[in-house]
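Visitor: Return a 3D structure for these sequence lines:
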Amino acid sequence: MSRMDDARALQNAILADSPRETFSAAIAQVADEKWRVLVTRDGRPVAAIVPIEDYDALEATEDAEDERLAAEALAEWRAEGCPPGVSHEDLLKRYGIDAE
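Guide: The predicted structure is shown next:
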């Protein structure tokens with residue numbers, strides 16, 4: 001993030017303990033103006049309110065990365081000759097989990 005982005009983000013910041021009306025106004029600006037608003041606590045960003053399009057794009061990016069990593073793991077497993085995995089029962093025993 002550039003200094004200009006940092007400055008803009010700070011202008012679009014609200015405190016985590018702001019009144020409900022402040023959050024309502026921020027949500028309206030996000031929805032109507034496509035702003036991104038940081039929520040801060042003790043001067044540090046802790047969350048963000050973003051347009052739904054940004055959220056959807058982030059989710060799609062994460063999904064694509066998950067799919068890529070899964071395909072890579074599957075290809076590696078196949079390249080290793082499809083060795084057997086660990087049974088569910090063995091995992092429960094290994095980690096001391098009672099299945100009942």
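Visitor: so what's residue 58 up against?
Guide: If a contact means Cβ atoms under 8 Å, 6 or more residues apart in numbering, then residue 58 has residue 50 as its contacts. In this view, the C-beta of every residue, glycine as well, is placed from N, C-alpha and C.
Visitor: My reading is that it lies in a strand. Confirm?
Guide: No - counting by DSSP: H, G, I helix; E, B strand; the rest coil, residue 58 is not part of a strand but helix.
Visitor: can I see the domain layout of this structure?
Guide: Per automatic domain parsing, the domain ranges recorded for the chain read 3-50, 54-94.
Visitor: Can you flag the weakest of those by average pLDDT?
Guide: Lowest mean pLDDT within these: domain 3-50, a mean of 84.
Visitor: Can I get stretch 53-62 in PDB, CA atoms only?
Guide: What follows is stretch 53-62, C-alpha atoms only, in PDB (Å, rounded to 0.1, in the frame of the first residue of the first chain):
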ATOM      1  CA  GLU A  53     -18.100  -6.500  -5.000                       C
ATOM      2  CA  ASP A  54     -14.700  -6.300  -3.200                       C
ATOM      3  CA  TYR A  55     -15.700  -9.000  -0.800                       C
ATOM      4  CA  ASP A  56     -16.900 -11.300  -3.700                       C
ATOM      5  CA  ALA A  57     -13.600 -10.700  -5.600                       C
ATOM      6  CA  LEU A  58     -11.600 -11.600  -2.500                       C
ATOM      7  CA  GLU A  59     -13.600 -14.800  -2.000                       C
ATOM      8  CA  ALA A  60     -13.200 -15.700  -5.600                       C
ATOM      9  CA  THR A  61      -9.400 -15.100  -5.300                       C
ATOM     10  CA  GLU A  62      -9.200 -17.300  -2.200                       C
END
